[in-house]
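> okay, predicted coordinates and the sequence, questions at the end:
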Amino acid sequence: MSLRLVLALSLDGRLAPPQGGAAQLGGSADRRLLEEALAWADCCLIGAGSLRAHRSSCVIHQPDLLQQRLSQAKPSQPPLIVVSRSCTPLGFDLDWPFWQQPFSRWLLAPFETNPEPLPDGFERLLRLGPWAGLKQQLAAEGLKQVLLLGGAQLAAALLQADQVDELQLTICPLLLGGDKHWLPAGFELQPQRWQLLEQRPIAGGELLVRYQIQRSENC
C-alpha cells in the first residue's frame, strides 16, 4: 500500500501566483511524469476545494501509458475520488469540464448514512472517517496505489495523519511570492525523515525530486 503526493511548485514553495486560481507551473516533461504517476495509480484523490479552483482534473493522454494500463487489465484512467469534509452543499457546477472527463467519479465525504440518490455525477460513495484509517479503507476497496493530486489542505491532513508514503515534486524555475504554499499557513507536523529516491533535471530548467518516508527511525 502506497500513497504518493505529486506536485509542481515554484522555487519558493508556491503552488499558484498570489492571486490564486488554477496554476500550470510544470512544462511538458512534468506533464509526462504526472501521466506516468497516473498510469501507476489504482485511484487518485483530490480535495473538493482544489476541484472548485480547477474545475477539472488530470487524465492520461499518452498512448503508451494508456496501453500499459489496458495490458494490466486496469481501466484506461484511474478512478478519481473527490474528498469533501462536508456532505452538502458540494458547490460543484455540472457544466464544469470535470463531468465530461473519462474517469469514474467517487465521493469521499462524512455521510452518516448513504444518501439516496447519490450526489449528481458520482458513481460510488465512501464514508470519510479518521484520516489515520484512510489507506486501510482504500485498500479494502482494492485500491493499493493511491495518487494524491492536492490540494494543500488535504495534503496537510494526510501528512499529519502519517498517511503519505512518497513525495514526487517538480521544482519549477519561478519565484511567485504570496501565500499559496504547498502546505498551508499554520500547518503543524511532527518531524519526519525522508529518504531521497531520485533527483534529475528535466526539460525547461525543472528538477524532479522523489522522496520516501522513513518510519523506522525516530525523528
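Arrived safely.

> report the contact partners of the residue nearest to Trp40 when sequence neighbours are not counted.
Leaving aside its chain neighbours, Trp40 sits nearest to Gln145 (5.8 Å; criterion: Cβ to Cβ, 6 or more residues apart in numbering). To be clear about C-beta, it is placed using only N, CA and C from the backbone, and glycine gets the same treatment. Applying Cβ atoms under 8 Å, 6 or more residues apart in numbering to Gln145 gives the contacts Ser2, Arg4, Trp40, Ala41, Asp42, Cys43.

> so which of these are in helices?
Among the contacts of Gln145, the subset assigned to helices under DSSP state H consists of Trp40.

> Phe92: which of the contacts of Gln145 is nearest?
Comparing those against Phe92 with Cβ to Cβ picks out Cys43 as the nearest, at 18.7 Å.

> please enumerate the strands of the protein.
Along the chain, the stretches classed as strands by DSSP state E are 2-10, 43-47, 80-83, 105-109, 124-127, 145-148, 166-172, 193-202, 206-214.

> so where's this structure shaky on pLDDT?
Applying pLDDT under 70 to the chain picks out residues 21-23, 88-89, 115-116, 217-219.

> any idea how far Leu158 is from Gly151?
Distance, Leu158 to Gly151, using Cβ to Cβ, to the nearest Å: 11 Å.

> higher neighbour count, those two?
Counted by other Cβ atoms under 10 Å, Leu158 and Gly151 do not tie: Gly151 has more neighbours, with 24 against 21.

> what's the neighbour count on Asp30?
By other Cβ under 10 Å, 22 other residues sit near Asp30.

> so it versus Leu183, what's the distance?
Distance, Asp30 to Leu183, by Cβ to Cβ: 20 Å.

> make sure Ile213 is actually in contact with Val164.
Yes. Taking contacts as Cβ atoms under 8 Å, Ile213 lies within contact range of Val164: 6.8 Å.

> which one of the two is surrounded by more residues?
A side-by-side neighbour count of Ile213 and Val164, using other Cβ under 10 Å, places Val164 first with 21 against 17.

> so what's the more buried one up against?
Counted by Cβ under 8 Å, 6+ apart, Val164 has contacts Leu3, Arg4, Leu5, Leu148, Ala155, Leu158, Ile213.

> try 6 Å this time
By Cβ atoms under 6 Å, 6 or more residues apart in numbering, Val164 lies in contact with Leu3, Leu5, Leu158.

> grab the nearest non-local neighbour of the spatially most central residue of the chain.
The centre of the chain sits closest to Leu149, judged by Cα atoms, centre = their mean, with a distance of 1.6 Å. Leaving aside its chain neighbours, Leu149 sits nearest to Ile46 (4.7 Å; criterion: Cβ to Cβ, 6+ apart).

> ok, Glu198 next?
Using Cβ to Cβ, 6+ apart and skipping the chain neighbours, the partner closest in space to Glu198 is Arg210 (4.3 Å).

> my read is that the one you found contacts Leu197, right?
Yes. Counting by Cβ atoms under 6 Å, Arg210 does reach Leu197; the two are 4.4 Å apart.
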